[in-house]
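Novice: I would like the atomic coordinates for the input below:
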Amino acid sequence: MRLLQSDDDGNFSLTEFFESVIPNYAILSHRWGTDEVTFKNLTDGTSKSKAGGYGKIQFCGEQARRDGLKYFWVDTCCIDKSSSAELSEAINSMFRWYQKATRCYVYLSDVSIRKRKASDGSAECTWESAFRASKWFTRGWTLQELLAPRSVEFFSREGKSLGNKRTLEQQIHEITGVPATALRENSLSQFDVDERFSWAKSRQTTRGEDKAYSLFGIFDVQMPLLYGEGEVKAFQRLREAVDKSFKGSEKDLLRHLPFADEAPFNAYDRQDEPACLPNTRVDLLQEIYGWADGKDRHDERCIFWLSGLAGTGKSTISRTVARRCSEQKRLGASFFFSNGGGDVSHAGKFFTSLAVQLADAVPSLQSYICDAVRERSDIANLSLLDQWRELVIRPLKLVKSDKPSSPSSYLLIIDALDECHNEGHVRTILQLLAEARSLTTVRLRVFLTSRPEVPIRYGIRAIPQAEHQDFVLHDIQPAIINHDISLFLEHHLGIIGQEWTLGSEWPDDKVLRQLVIHASGLFIWAATACRFIKDGEEFAEDRLDEILKGSGFKGTPEQHLNQIYITVLQNSIPTTFRPPEKVRLCTMQRRILGSIVILFSPLPAASLAKVISISGRRVTQTLERLQAILDVPKDVTRSLRLHHPSFRDFLLHKDRCGDFWVDEKEAHQLVATSCIQLMSETLKKDICDMHAPGTQASQVDCSHLQEYLPPEVQYACLYWVQHLQRSGSRVYDGEEAYRFLQAHLLHWLEALGWMGKISEGIQAILALEAPVSRFVLYNRSAIEQAPLQLYCAALVFAPVNSIVRREFEGCIPDWIALKPKVQRHWNAALQTLEDHTGVVYSVAFSPDGRQVVSGSWDKTVRLWDAVTGAALQTLEGHTSSVSSVVFSPDGRQTLEGHTSSVSSVVFSPDGRQVVSGSWDKKVRLWDVATRAALQTLEGHTGVVYSIAFSSNGRQVVSGSWDKTVRLWDAVTGTALQTLEGHTDWVSSVAFSPDGRQVVSGSEDQTVRLWDAATRATLQTLEGHTHSVYSVAFSPNGRQVVSGSEDQTVRLWDAATGAALQTLEGHTRAVLSVAFSPDGKLVVSGSEDQTVRLWDAATRATLQTLEGHTHSVLSVAFSANGKLVVSGSYDKTVRLWDVATGVALQTLEGHTRSVLSVAFSPDARQVVSGSEDSTVRLWDAATGAALQMLEGHNTDDVSSVAFPPKGKLPPILQVSDHWVVESDTTILWLPPDYRQHNSASWNRNLVLGHSSGRISIFRFKEGAKLII
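Specialist: So this is what the prediction gives:
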């Protein structure tokens, strides 16, 4: 890529850069004229002869210089078009080049800011009409030049800025038809192919082929250029490339859905698991197949539930059914749960895994599922209900059937649902699966297996009998089961007999009958016995005899299962060992097996060895002797698993396994201790060797993470606390866990951050009751985004007396030379939940306190985990801001009926009714069970802003913009009282606990107490200096609390009206800050109408400059540091002497707020921009108005500046809550320290906060910003 730069004499030169070293650059977008400067003109020195083209290059270079950019690119002269290879590469790279540009300048040669007469001569036209008519919007190549860059600024032919892509968004949308969302840096892949083609439909290019070639970047495809092929052929090739790419992109979208690799019936880890043998389970399989085939169109049973006790063969039947349906192309998806841990032990990836499989099994479904993912990129974080309906049900409803009278039928197979850890999720899954009956264009059936556990039994009973079929496996006639077990034994033992040449008659019928009796109807007994005999190899006969020793034993199926497990364990201890060796081996074996059965997630053998601190050789040898009960993969990277979960129950039950019993608490303690030891030896600062403090966790790929944090270390980080809990231990001073946290807390949290598991870390710390939870909750967002910020932002902004700051302050990198002043102790805020993109109007806790719901101006409702702060769901659907949210007792109700915004909703104390207030001036009462509107209470003449029930649920109180408080009978809807007295709108109302009094807060700055029976005003509580937004009674009714816009919270005595306390801490906002040229001083302007001068080193206030009569919106130093200029909401600009604090000039002339001010480099002039849409130039010495610059139409002038000669902008800046140096993020800013304004010089940075606080940083000169 060639880039232009200009020297001091205005001459241009080209420099060639390769992809990896391209510097920041600006790029020009324009319409080609007849006198453009070409590559040849630049190289042969004739460029100035092309006046029009040369002028555009000059414009681009000058504008780039103003923006601090040394290099720029212009398409006319930076490409050697005489080279077909270079031209082809350039056209295929063009979108990317525009996308990576720091600035894109659109030069509109047909738009002028000069005023002109309209065609009828009646009025003057502004530039906007010419902007809308500009031919730039009609050209093919300019579409990608509009969409690709992040920053697009439009200029008139005079070189004057007209606005940017964001400020002109609505006009651009109306001109081009391109959605506003496409203009806002969103991925174009979320837009349909046909829609993207439509954006270019009316655009023109000089050559027909270019209409297609100009769209390469829009569709992210590459093609060879074949000029001469014509427009039609070019579009055919483009369509083919797009279709091919689109199919690939759909696969990419599906790959982004979380998928449980071990869930499908034919997963790699399940390949050795058996299916039913021929001639076994015949009747049952025929019944299942008949139901699954759906030949009876009147059979509406969409769920087949196969239940049975442990070991009765449910999973084997599931695999058999899945294999048959897969071969017949009728299997939609399968999910085999397992309580052995990992992704198949919970429902986190359940529906997303089903969706991925369905997209593969039903090709016509793929695009609809991908559409759902495009619409909601966070679909995997939504509720199970939303995932099921958006990823499965809705796509299936959109599939068109070739034969409506005979729709296609697909089967979902869900095995061992009882092994899903969360009972609540199990119930939800059952409810949702029953919705499959609603499908008409396809038939979806669900085959489900589980033990007959209570949650599943109740869940199945909740489904109408006509919609499901039950089959209890252990109720099959014993003769049928014994026949099938006999065939199973005959088959597997026959293979063993052939392998070791034991004869065709081995074992005989008598032995088979004895074995069948021993099995007691349990296939798991038969399978374990066969594996045990097989592992005996040449001693297979001896092992069979070992099993038959107790042939006279009569007991329950469980007792027979105990006996086979004990036999396996006894035979795993070699008889050649001496007694002490047997004891040692038995102890080690118990530890290995005990660890396997209590692990929260399965591990490979090598990782298990490191987690339990036993040599890999010993673990491998032990496992080899236990393959009758353990699945030991040949692939050493794959995890160990139990053949059947019944072994876990056996091993942990003292009465069942005798000498082999594993004490569960002791096993957890041993694993916890080993995990702590492993982490202590492994974890360290910057464990992934990233160095850069702003490195995002998302930038570290899986292979890199596995290299530095192998499976055993990740396991230890995730689960050591859970093992410690299950052992019954706690963290005490001086003990191993306490010492680990003292030395490695930050290292542990860093590892969790890289792993994306900080929520689990928060839960662990809360479980430990460790005194560091505030630190983690406060810094959650930083650790999740960039884990190395633990050593920077997390420590820098932690209170000086907090335990983590005291313990780890030495970890703060030394390049932070001056740290900001922070509070001494944690404040009351536990967490900051961030995700809303607009003002949050309402929040509420769930009845159990575990979740928080919030409603926002951004039209969304969000659900949060109240413990960890994790975002659980985003509920979309509102078409306007959400001003009130509340949980119902069951969280399932949505009520509609108001004709305008609902401003407040409250449940009755018994949860049976809801009352709502609205902008339609009405109060409505609703029945929660039926959703029926019970009453519409009319009488208010303004918006109903606040409502409340009395404690007995018989009355409702409402407050309105009509300045009144009204009492209503909740049963009859009758208006009982109208309480008048407020002189402005009523913002908040509440009943006292006994229902006798009402409290109200108002815009009139007062709180009033009322007698609910007599309407009398009992007290008028005065003291707030601004609107009172919230009021409430204490539980005993003796106190009232109020919150106000005056930034105070006040407590009042409800009986006397006396002010008890004023809780202060909030101050007015700092709106503007700037450094002096030498970096020694800071100036700040505030809503408190003052300008303050500060010593940057000592933080001392040097001057308080008073004189403005309203908020100070902007401040700046002169170049010599002797003067300060300030602009204010009071419409004036003021000049101040820095040394004395004296006001030198008051510059008047603006008719609205002054938003921005600046000095010229020589300090002789001042420029100011205002809400009155003008820019004014002033003489700094005399205060005289020199010029008034108009042309901003009706837009505020929010920023003005003189370009400093030869100066580049400060290298430190603040962007998206980060301190950035030269495009590199270095320090995250927590919510309490985010700037209202900022300024920097050299390596100093000052932040002005909305709380009124100033934060000053200094970063060490010449220091490498690394961890």
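
Novice: how many neighbours does L705 have?
Specialist: Other residues near L705 come to 18 when the count uses other Cβ atoms under 10 Å. All C-beta atoms are positioned from the backbone trio N, CA, C, and that covers glycine.

Novice: and the gap between the residue lying closest to it once chain neighbours are set aside and Q722?
Specialist: Leaving aside its chain neighbours, L705 sits nearest to W754 (5.9 Å; criterion: Cβ to Cβ, 6 or more residues apart in numbering). Distance, W754 to Q722, using Cβ to Cβ, to the nearest Å: 20 Å.

Novice: Let's see the helix or strand harbouring the residue nearest to L705 as CSV, backbone CA atoms only.
Specialist: Secondary structure assignment for W754, by DSSP states H and E: helix 736-755. The C-alpha trace of helix 736-755 is given here as CSV (Å, rounded to 0.1, in the frame of the first residue of the first chain):
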residue,chain,number,x,y,z
GLU,A,736,-2.9,-23.5,53.4
ALA,A,737,-5.9,-21.9,51.6
TYR,A,738,-5.3,-18.6,53.5
ARG,A,739,-1.6,-18.6,52.6
PHE,A,740,-2.5,-19.3,48.9
LEU,A,741,-4.8,-16.2,48.8
GLN,A,742,-2.2,-14.1,50.5
ALA,A,743,0.4,-14.9,47.8
HIS,A,744,-1.7,-15.7,44.7
LEU,A,745,-5.1,-14.0,44.9
LEU,A,746,-4.3,-11.8,41.9
HIS,A,747,-2.7,-14.6,39.9
TRP,A,748,-5.7,-16.8,40.5
LEU,A,749,-8.1,-14.1,39.4
GLU,A,750,-6.0,-13.3,36.4
ALA,A,751,-6.2,-17.0,35.3
LEU,A,752,-10.0,-17.0,35.7
GLY,A,753,-10.1,-13.8,33.6
TRP,A,754,-8.2,-15.5,30.7
MET,A,755,-10.5,-18.5,31.1
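
Novice: Show me what the helix or strand just after that helix is packed against.
Specialist: Remark: after helix 736-755, the chain's next helix or strand is helix 758-768, criterion DSSP H and E. Other elements packing on helix 758-768 under the criterion 3 or more Cβ pairs under 8 Å, 6 or more residues apart in numbering; DSSP states H and E are helix 711-726, helix 736-755, helix 773-778, helix 780-785.

Novice: Wait, I1256 touches P820, no?
Specialist: Yes: I1256 lies in contact with P820 (Cβ atoms under 8 Å); the separation is 6.2 Å.

Novice: which residues of the stretch 951-1100 of the chain score low on pLDDT?
Specialist: Applying pLDDT under 70 to the stretch 951-1100 of the chain flags residues 1035, 1043, 1047-1049, 1062-1075, 1079, 1082, 1096-1097, 1099.

Novice: What are the boundaries of the strands in it?
Specialist: Listed in chain order, the strands found in the stretch 951-1100 of the chain under DSSP state E, counting those that start in this stretch are 955-960, 965-969, 975-979, 986-991, 997-1002, 1006-1011, 1017-1022, 1028-1033, 1039-1044, 1049-1053, 1059-1063, 1070-1075, 1081-1086, 1090-1095.

Novice: residue boundaries of the strands in the stretch 1101-1250 of the chain?
Specialist: Remark: strands assigned in the stretch 1101-1250 of the chain by DSSP E, counting those that start in this stretch are 1101-1106, 1112-1117, 1123-1128, 1133-1137, 1143-1147, 1154-1159, 1165-1170, 1175-1179, 1185-1189, 1212-1215, 1218-1221, 1224-1228, 1235-1241, 1244-1249.

Novice: coming back round to it: please point out which parts of the helix holding W754 sit buried.
Specialist: Residues of helix 736-755 classed as buried: 736-737, 740-741, 744-755 (neighbour count, 16 or more other Cβ atoms under 10 Å).

Novice: Show the average pLDDT along it.
Specialist: Predicted confidence along helix 736-755 averages 94 (mean pLDDT).

Novice: Packing partners of it?
Specialist: Packing partners of helix 736-755 (3+ Cβ pairs under 8 Å, 6+ apart): helix 664-682, helix 711-726, helix 758-768, helix 780-785, helix 803-808.

Novice: Can I get those in TSV including mean neighbour count?
Specialist: Formatted as TSV, the helices and strands packed on helix 736-755 follow (neighbours: other Cβ atoms under 10 Å):
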stretch	mean neighbour count
helix 664-682	20
helix 711-726	22
helix 758-768	20
helix 780-785	22
helix 803-808	17
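
Novice: Reformat those helices into CSV and put mean pLDDT and distance to S703 next to each item.
Specialist: Converted to CSV, the helices and strands packed on helix 736-755 look like this (pLDDT from 0 to 100; distance: least, Cβ to Cβ, whole Å):
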stretch, mean pLDDT, distance to S703
helix 664-682, 95, 18
helix 711-726, 94, 13
helix 758-768, 85, 21
helix 780-785, 89, 21
helix 803-808, 93, 30
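
Novice: Now distance to K40 too, for those helices, in CSV please.
Specialist: Converted to CSV, these look like this (distance: least, Cβ to Cβ, whole Å):
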stretch, distance to K40
helix 664-682, 62
helix 711-726, 59
helix 758-768, 58
helix 780-785, 49
helix 803-808, 63
